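# here is my input, please return the structure:
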Amino acid sequence: MSIRAQILGLVLVPLAIAALLIATAQRVPVPEIGRGYVIHAVLPKVDAALALPVVQGDAALPLIVIDPGHGGHDPGASGQGLIEKDLVLSLAKELRSELERTGGFRVALTRSDDCYLLHAERFEIARRLGADLFISIHADSAGDASEVNGASIYTLSEEASSEAAARYAERENASDRLNGLELGDQSDTVTPILVELSQRLAQEQSNELAGLIRREGEGVIEFHPQPLRSAALKVLRAPDVPSVLFESGFITNASEARRLSSREGRQHFAEVVARAIRIYFARRVES
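Purely as a prediction, here's the structure:
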(Lines give C-alpha, C1' and ligand atoms only; values in the text may rest on other atoms or scores of the structure.)
Protein backbone atom coordinates (compact mmCIF):
# COMPACT_ATOMS: atom_id res chain seq x y z
CA MET A 1 0.00 0.00 0.00
CA SER A 2 1.37 3.41 -0.95
CA ILE A 3 2.01 6.15 1.61
CA ARG A 4 -0.70 8.26 -0.03
CA ALA A 5 -3.24 5.46 0.42
CA GLN A 6 -2.28 5.09 4.07
CA ILE A 7 -2.79 8.81 4.70
CA LEU A 8 -6.19 8.75 2.98
CA GLY A 9 -7.15 5.77 5.11
CA LEU A 10 -6.25 7.61 8.32
CA VAL A 11 -8.43 10.53 7.27
CA LEU A 12 -11.40 8.74 5.73
CA VAL A 13 -11.89 5.88 8.19
CA PRO A 14 -12.70 8.17 11.21
CA LEU A 15 -15.06 10.20 9.01
CA ALA A 16 -16.83 7.05 7.91
CA ILE A 17 -17.25 5.89 11.52
CA ALA A 18 -18.64 9.28 12.56
CA ALA A 19 -21.09 9.26 9.66
CA LEU A 20 -22.24 5.77 10.59
CA LEU A 21 -22.87 6.78 14.21
CA ILE A 22 -24.89 9.81 13.13
CA ALA A 23 -26.90 7.75 10.68
CA THR A 24 -27.78 5.13 13.29
CA ALA A 25 -28.52 7.83 15.91
CA GLN A 26 -26.05 6.34 18.35
CA ARG A 27 -24.56 8.55 21.02
CA VAL A 28 -20.91 8.65 21.87
CA PRO A 29 -20.65 8.21 25.64
CA VAL A 30 -19.19 11.22 27.47
CA PRO A 31 -17.18 10.55 30.64
CA GLU A 32 -19.06 11.61 33.76
CA ILE A 33 -15.92 12.53 35.71
CA GLY A 34 -15.77 16.29 36.13
CA ARG A 35 -19.12 17.11 34.55
CA GLY A 36 -20.70 17.87 37.92
CA TYR A 37 -18.15 20.63 38.58
CA VAL A 38 -19.62 22.89 35.90
CA ILE A 39 -22.08 25.24 37.57
CA HIS A 40 -24.94 26.66 35.51
CA ALA A 41 -26.48 29.88 36.77
CA VAL A 42 -28.66 32.61 35.30
CA LEU A 43 -26.78 35.87 35.76
CA PRO A 44 -28.18 39.42 35.42
CA LYS A 45 -27.57 41.26 32.18
CA VAL A 46 -24.43 43.37 32.08
CA ASP A 47 -26.36 46.57 31.42
CA ALA A 48 -29.13 45.80 33.92
CA ALA A 49 -29.75 48.59 36.43
CA LEU A 50 -28.81 47.78 40.01
CA ALA A 51 -32.04 47.33 41.95
CA LEU A 52 -32.07 49.34 45.16
CA PRO A 53 -34.15 48.23 48.15
CA VAL A 54 -36.95 50.50 49.33
CA VAL A 55 -36.00 52.42 52.47
CA GLN A 56 -38.76 53.65 54.74
CA GLY A 57 -38.64 56.14 57.58
CA ASP A 58 -37.42 59.66 58.30
CA ALA A 59 -34.57 60.56 55.94
CA ALA A 60 -32.83 62.35 58.82
CA LEU A 61 -32.29 59.04 60.64
CA PRO A 62 -29.05 57.07 60.12
CA LEU A 63 -29.29 54.35 57.48
CA ILE A 64 -27.87 50.90 58.18
CA VAL A 65 -27.41 48.59 55.20
CA ILE A 66 -27.20 44.92 56.18
CA ASP A 67 -25.68 42.50 53.70
CA PRO A 68 -26.50 38.78 54.04
CA GLY A 69 -23.51 37.09 52.38
CA HIS A 70 -23.65 34.71 49.39
CA GLY A 71 -27.00 33.75 47.81
CA GLY A 72 -28.32 32.25 44.60
CA HIS A 73 -25.87 29.81 43.00
CA ASP A 74 -23.33 30.68 45.72
CA PRO A 75 -24.37 28.78 48.89
CA GLY A 76 -21.34 29.70 50.97
CA ALA A 77 -20.27 27.36 53.76
CA SER A 78 -22.23 24.33 54.94
CA GLY A 79 -22.23 22.12 58.00
CA GLN A 80 -24.50 20.49 60.58
CA GLY A 81 -27.35 20.55 58.06
CA LEU A 82 -27.07 24.34 57.61
CA ILE A 83 -26.29 26.39 54.50
CA GLU A 84 -24.59 29.74 55.05
CA LYS A 85 -26.65 31.76 52.56
CA ASP A 86 -29.89 30.79 54.35
CA LEU A 87 -28.55 31.16 57.87
CA VAL A 88 -27.09 34.64 57.36
CA LEU A 89 -30.30 35.84 55.71
CA SER A 90 -32.21 34.88 58.85
CA LEU A 91 -29.61 36.66 61.01
CA ALA A 92 -29.83 39.78 58.84
CA LYS A 93 -33.61 39.86 59.09
CA GLU A 94 -33.40 39.43 62.87
CA LEU A 95 -31.01 42.38 63.10
CA ARG A 96 -33.28 44.48 60.91
CA SER A 97 -36.26 43.65 63.14
CA GLU A 98 -34.31 44.56 66.27
CA LEU A 99 -33.21 47.92 64.87
CA GLU A 100 -36.73 48.72 63.66
CA ARG A 101 -38.26 47.58 66.96
CA THR A 102 -36.13 49.89 69.08
CA GLY A 103 -36.37 52.77 66.58
CA GLY A 104 -33.99 55.54 65.64
CA PHE A 105 -32.68 54.02 62.41
CA ARG A 106 -33.60 53.24 58.85
CA VAL A 107 -32.61 49.76 57.67
CA ALA A 108 -32.16 48.11 54.28
CA LEU A 109 -31.03 44.65 53.21
CA THR A 110 -28.90 44.15 50.11
CA ARG A 111 -30.93 40.99 49.47
CA SER A 112 -34.13 39.80 51.14
CA ASP A 113 -34.40 36.53 49.21
CA ASP A 114 -32.16 33.87 47.64
CA CYS A 115 -30.55 36.02 44.95
CA TYR A 116 -26.95 36.44 43.86
CA LEU A 117 -25.06 39.74 44.08
CA LEU A 118 -21.49 40.60 43.19
CA HIS A 119 -19.36 42.03 45.99
CA ALA A 120 -19.23 45.37 44.18
CA GLU A 121 -23.02 45.43 43.87
CA ARG A 122 -23.41 44.88 47.60
CA PHE A 123 -21.38 47.87 48.73
CA GLU A 124 -22.60 49.93 45.76
CA ILE A 125 -26.14 49.54 47.10
CA ALA A 126 -24.94 51.05 50.37
CA ARG A 127 -23.19 53.90 48.57
CA ARG A 128 -26.14 54.77 46.33
CA LEU A 129 -28.52 54.77 49.27
CA GLY A 130 -26.19 57.04 51.21
CA ALA A 131 -25.74 54.51 54.01
CA ASP A 132 -24.12 55.50 57.28
CA LEU A 133 -23.00 51.94 58.07
CA PHE A 134 -22.57 48.74 56.07
CA ILE A 135 -22.56 45.36 57.85
CA SER A 136 -21.97 42.15 55.92
CA ILE A 137 -22.99 38.97 57.77
CA HIS A 138 -21.35 35.59 57.18
CA ALA A 139 -20.83 32.18 58.83
CA ASP A 140 -17.65 30.16 58.45
CA SER A 141 -16.69 26.52 57.94
CA ALA A 142 -13.69 24.68 59.32
CA GLY A 143 -14.22 21.53 57.25
CA ASP A 144 -13.56 18.41 59.27
CA ALA A 145 -12.17 20.42 62.20
CA SER A 146 -15.53 20.48 63.98
CA GLU A 147 -14.02 21.73 67.25
CA VAL A 148 -13.13 25.13 65.74
CA ASN A 149 -15.54 27.87 66.80
CA GLY A 150 -15.85 31.56 67.60
CA ALA A 151 -17.14 34.72 65.92
CA SER A 152 -14.86 37.40 64.46
CA ILE A 153 -15.22 40.87 62.96
CA TYR A 154 -13.30 41.91 59.85
CA THR A 155 -12.40 45.36 58.59
CA LEU A 156 -10.66 46.27 55.33
CA SER A 157 -6.90 46.30 55.02
CA GLU A 158 -4.60 45.72 52.08
CA GLU A 159 -2.33 43.81 54.46
CA ALA A 160 -4.09 40.95 56.23
CA SER A 161 -3.86 40.79 60.01
CA SER A 162 -2.84 37.13 59.84
CA GLU A 163 -2.27 34.31 57.40
CA ALA A 164 -5.67 32.89 58.36
CA ALA A 165 -7.34 36.24 57.58
CA ALA A 166 -5.61 36.34 54.19
CA ARG A 167 -6.86 32.83 53.36
CA TYR A 168 -10.36 33.78 54.46
CA ALA A 169 -10.36 36.86 52.21
CA GLU A 170 -9.14 34.82 49.26
CA ARG A 171 -11.95 32.32 49.79
CA GLU A 172 -14.66 34.95 50.21
CA ASN A 173 -13.46 37.04 47.26
CA ALA A 174 -13.56 33.93 45.06
CA SER A 175 -17.36 33.86 45.22
CA ASP A 176 -17.33 36.44 42.40
CA ARG A 177 -15.88 33.72 40.14
CA LEU A 178 -18.00 31.13 38.35
CA ASN A 179 -16.34 28.19 36.58
CA GLY A 180 -13.05 30.02 36.99
CA LEU A 181 -14.23 33.24 35.33
CA GLU A 182 -14.36 36.63 37.10
CA LEU A 183 -17.96 37.89 37.04
CA GLY A 184 -17.26 41.41 38.26
CA ASP A 185 -15.40 43.99 36.21
CA GLN A 186 -14.07 46.06 39.11
CA SER A 187 -10.33 46.56 38.87
CA ASP A 188 -8.36 46.10 42.07
CA THR A 189 -5.54 48.28 40.74
CA VAL A 190 -7.23 51.43 42.02
CA THR A 191 -8.08 50.16 45.49
CA PRO A 192 -4.76 51.05 47.16
CA ILE A 193 -5.33 54.65 46.06
CA LEU A 194 -8.91 54.55 47.33
CA VAL A 195 -7.81 53.14 50.66
CA GLU A 196 -5.09 55.79 51.02
CA LEU A 197 -7.04 58.86 49.94
CA SER A 198 -10.73 58.13 50.58
CA GLN A 199 -11.03 55.51 53.28
CA ARG A 200 -8.96 56.85 56.16
CA LEU A 201 -11.88 58.23 58.15
CA ALA A 202 -14.20 55.39 57.11
CA GLN A 203 -11.62 52.86 58.24
CA GLU A 204 -11.19 54.51 61.62
CA GLN A 205 -14.96 54.36 62.08
CA SER A 206 -15.08 50.75 60.85
CA ASN A 207 -12.47 49.77 63.42
CA GLU A 208 -14.45 51.58 66.11
CA LEU A 209 -17.65 49.68 65.24
CA ALA A 210 -15.78 46.36 65.18
CA GLY A 211 -14.41 47.06 68.64
CA LEU A 212 -17.86 47.95 69.95
CA ILE A 213 -19.37 44.72 68.62
CA ARG A 214 -16.59 42.81 70.32
CA ARG A 215 -17.11 44.65 73.60
CA GLU A 216 -20.91 44.42 73.63
CA GLY A 217 -20.79 40.73 72.73
CA GLU A 218 -18.57 39.83 75.68
CA GLY A 219 -20.29 37.07 77.67
CA VAL A 220 -23.10 36.77 75.11
CA ILE A 221 -21.33 35.62 71.95
CA GLU A 222 -18.34 33.32 71.99
CA PHE A 223 -15.57 34.97 70.01
CA HIS A 224 -12.55 33.52 68.30
CA PRO A 225 -9.26 34.02 70.24
CA GLN A 226 -8.36 36.60 67.56
CA PRO A 227 -11.76 38.29 67.13
CA LEU A 228 -10.68 41.55 65.45
CA ARG A 229 -9.21 40.89 62.02
CA SER A 230 -8.50 42.72 58.79
CA ALA A 231 -8.03 41.62 55.20
CA ALA A 232 -8.50 42.76 51.60
CA LEU A 233 -12.16 41.78 51.39
CA LYS A 234 -13.90 42.98 48.24
CA VAL A 235 -17.25 43.47 49.94
CA LEU A 236 -15.75 46.08 52.31
CA ARG A 237 -14.33 48.32 49.57
CA ALA A 238 -16.84 51.18 49.78
CA PRO A 239 -14.49 54.17 50.05
CA ASP A 240 -16.86 56.37 52.03
CA VAL A 241 -19.06 54.04 54.12
CA PRO A 242 -17.79 52.55 57.41
CA SER A 243 -18.02 48.80 56.81
CA VAL A 244 -17.47 45.59 58.75
CA LEU A 245 -17.90 41.91 57.99
CA PHE A 246 -19.24 39.95 60.95
CA GLU A 247 -18.27 36.28 60.78
CA SER A 248 -20.96 35.06 63.15
CA GLY A 249 -19.40 31.66 63.88
CA PHE A 250 -18.56 28.23 62.48
CA ILE A 251 -21.54 26.21 61.29
CA THR A 252 -19.32 23.12 61.19
CA ASN A 253 -19.26 23.27 65.00
CA ALA A 254 -22.32 21.53 66.47
CA SER A 255 -22.90 23.85 69.43
CA GLU A 256 -22.29 26.97 67.37
CA ALA A 257 -24.62 25.76 64.62
CA ARG A 258 -27.36 25.22 67.21
CA ARG A 259 -26.80 28.69 68.64
CA LEU A 260 -26.88 30.46 65.29
CA SER A 261 -29.92 28.61 64.02
CA SER A 262 -31.99 28.95 67.20
CA ARG A 263 -34.47 31.74 67.88
CA GLU A 264 -32.64 32.68 71.07
CA GLY A 265 -29.26 32.67 69.34
CA ARG A 266 -30.51 34.95 66.57
CA GLN A 267 -31.96 37.34 69.15
CA HIS A 268 -28.69 37.50 71.09
CA PHE A 269 -26.81 38.18 67.86
CA ALA A 270 -29.20 40.97 66.86
CA GLU A 271 -29.23 42.57 70.31
CA VAL A 272 -25.43 42.67 70.50
CA VAL A 273 -24.96 44.23 67.07
CA ALA A 274 -27.85 46.67 67.52
CA ARG A 275 -26.44 47.80 70.87
CA ALA A 276 -23.02 48.37 69.32
CA ILE A 277 -24.60 50.40 66.52
CA ARG A 278 -26.46 52.60 69.03
CA ILE A 279 -23.31 53.32 70.99
CA TYR A 280 -21.47 54.08 67.76
CA PHE A 281 -23.99 56.76 66.76
CA ALA A 282 -24.29 58.10 70.30
CA ARG A 283 -20.58 58.87 70.11
CA ARG A 284 -21.12 60.69 66.82
CA VAL A 285 -23.70 62.97 68.50
CA GLU A 286 -21.42 63.67 71.47
CA SER A 287 -18.38 64.54 69.38
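
# make it CA atoms for all contacts and neighbour counts henceforth
Fine.

# show me where the stretch 151-287 of the chain has strands.
Counting by DSSP state E, counting those that start in this stretch, the stretch 151-287 of the chain has strands at residues 151-156, 177-178, 181-182, 223-231, 243-250.

# reformat the ones you listed as a markdown table; add mean pLDDT, distance to residue 131 and mean neighbour count.
Output for the strands of the stretch 151-287 of the chain, formatted as a markdown table (pLDDT from 0 to 100; distance: least, Cα to Cα, whole Å; neighbours: other Cα atoms under 10 Å):
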| stretch | mean pLDDT | distance to residue 131 | mean neighbour count |
| --- | --- | --- | --- |
| strand 151-156 | 96 | 17 | 26 |
| strand 177-178 | 44 | 27 | 14 |
| strand 181-182 | 45 | 27 | 10 |
| strand 223-231 | 95 | 21 | 18 |
| strand 243-250 | 97 | 10 | 25 |
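
# out of these, which is closest to residue 201?
Closest approach to residue 201 among the strands of the stretch 151-287 of the chain (Cα to Cα): strand 243-250, 11.3 Å.

# give me the helices and strands touching the closest one, please.
Packing contacts for strand 243-250, counted by 3 or more Cα pairs under 8 Å, 6 or more residues apart in numbering; DSSP states H and E, involve strand 133-140, strand 151-156, helix 200-216, helix 254-261.

# adjacent strands (with direction) for that strand?
Take DSSP bridges as the rule and strand 243-250 pairs in its sheet with strand 133-140 (parallel), strand 151-156 (antiparallel).

# and the contacts of the last one?
Counting contacts by Cα atoms under 8 Å, 6 or more residues apart in numbering, the residues outside strand 151-156 that touch it are 203, 206-207, 210, 214, 221-224, 226-233, 236-237, 243-250.

# stretch 62-78 too?
Outside stretch 62-78, the residues that touch it by Cα under 8 Å, 6+ apart are 41, 83-86, 88-89, 91-92, 96, 104-111, 114-117, 122, 126, 130-141, 175, 251-252.

# what's the local residue count around residue 101?
10 (other Cα atoms under 10 Å).

# what sits against it?
Contacts of residue 101 by Cα under 8 Å, 6+ apart: none found.

# just the buried positions in the helix or strand hosting it, please.
Assigned by DSSP states H and E, residue 101 belongs to helix 84-102. Going by neighbour count (16 or more other Cα atoms under 10 Å), the buried part of helix 84-102 is 84-99.

# also stretch 75-84?
Within stretch 75-84, the residues scored as buried using 16+ other Cα under 10 Å are 75, 76, 77, 78, 79, 82, 83, 84.

# turn those into TSV, columns for secondary structure.
Listed next are the buried residues of stretch 75-84 as TSV, based on DSSP: H, G, I helix; E, B strand; the rest coil:
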residue	secondary structure
75	coil
76	coil
77	coil
78	strand
79	strand
82	strand
83	strand
84	helix
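
# enumerate every residue touching the nearest residue to residue 252 once chain neighbours are set aside.
Closest residue to residue 252 apart from its sequence neighbours, by Cα to Cα, 6 or more residues apart in numbering: residue 79 at 4.4 Å. Residue 79 sits next to 141, 251, 252, 253, 257 when contact means Cα under 8 Å, 6+ apart.

# pretty sure the last one contacts residue 80?
Yes - in this structure residue 257 lies within contact range of residue 80 using Cα atoms under 8 Å: 6.6 Å.

# overlap in contacts, those two.
In contact with both residue 257 and residue 80: residue 251, using Cα under 8 Å, 6+ apart.
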